[in-house]
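# Compute the structure for the input listed below.
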Amino acid sequence: MEQNVPGKYTYTQANRVKAHERFQKIYEKGRSYVDKYGVFYVLPSDNGQNQLGTAVGKRLGHAVLRNQVKRRMREVFRREQTRLNRKVSIVWVARQRLARAPYGVYEEVFQRLAKKAGLL
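Below is the predicted model of the structure:
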């Protein structure tokens, strides 16, 4: 396997927000940016890499649908993270409308919220 080469589109363990405590810290200390499809909570990164945590509530639908939404969110982040102008931890909370949206909407939402946050 190839090593991480700068500019490559990767999403590794170092790019994930997984710990409950880290999620809580981002929620409490981070700034939030909202639109009708989702919410970004943004905090400067601890480990010097862009990180993403996804939050998809049970209200959005069954497990298969929720996992599909999370996969799409991660894929958009994987492609777009090299464009971010600083290293941040993001928790992306999906709203109901995002669950039934096509993939292109995910990209638009990410870009719109990142611009609101001053990351693009």
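# hey, where'd the helices end up in this structure?
Using DSSP state H, the helices of the chain run over 20-29, 63-80, 96-99, 103-116.
# Would you mind giving those as CSV with mean pLDDT, mean neighbour count and distance to residue 50 added?
Yep, even glycine has a C-beta here, placed from its N, CA and C like the rest. CSV is the format used below for the helices of the chain (pLDDT from 0 to 100; neighbours: other CB atoms under 10 Å; distance: least, CB to CB, whole Å):
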stretch, mean pLDDT, mean neighbour count, distance to residue 50
helix 20-29, 96, 13, 13
helix 63-80, 97, 16, 8
helix 96-99, 94, 16, 20
helix 103-116, 97, 17, 11
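# With residue 47 as the reference, name the closest of those.
Among these, the nearest to residue 47 by CB to CB is helix 20-29 (10.3 Å).
# can you redo the helices of the chain as CSV with distance to residue 90?
Shown next, in CSV, are the helices of the chain (distance: least, CB to CB, whole Å):
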stretch, distance to residue 90
helix 20-29, 8
helix 63-80, 7
helix 96-99, 15
helix 103-116, 8
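# contacting residues for the nearest residue to residue 55 once chain neighbours are set aside?
Excluding the flanking residues, the one nearest residue 55 by CB to CB, 6 or more residues apart in numbering is residue 93, at 4.4 Å. With contacts defined as CB atoms under 8 Å, 6 or more residues apart in numbering, residue 93 is in contact with 38-41, 55-56.
# how much space is there between residue 93 and residue 52?
Going from residue 93 to residue 52 by CB to CB, to the nearest Å gives 12 Å.
# Check residue 80 too.
Distance, residue 80 to residue 52, using CB to CB: 10 Å.
# returning to what we had before: out of the helices of the chain, which gets nearest to residue 9?
helix 63-80 (5.4 Å).
# on contacts alone, who are the packing partners of that closest one?
Contacts defined by 3 or more CB pairs under 8 Å, 6 or more residues apart in numbering; DSSP states H and E place helix 63-80 against strand 51-55, strand 88-94, helix 96-99, helix 103-116.
# I'd like the ones you listed written out as TSV, with distance to residue 73 added.
Below are the helices and strands packed on helix 63-80 laid out as TSV (distance: least, CB to CB, whole Å):
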stretch	distance to residue 73
strand 51-55	5
strand 88-94	5
helix 96-99	8
helix 103-116	6
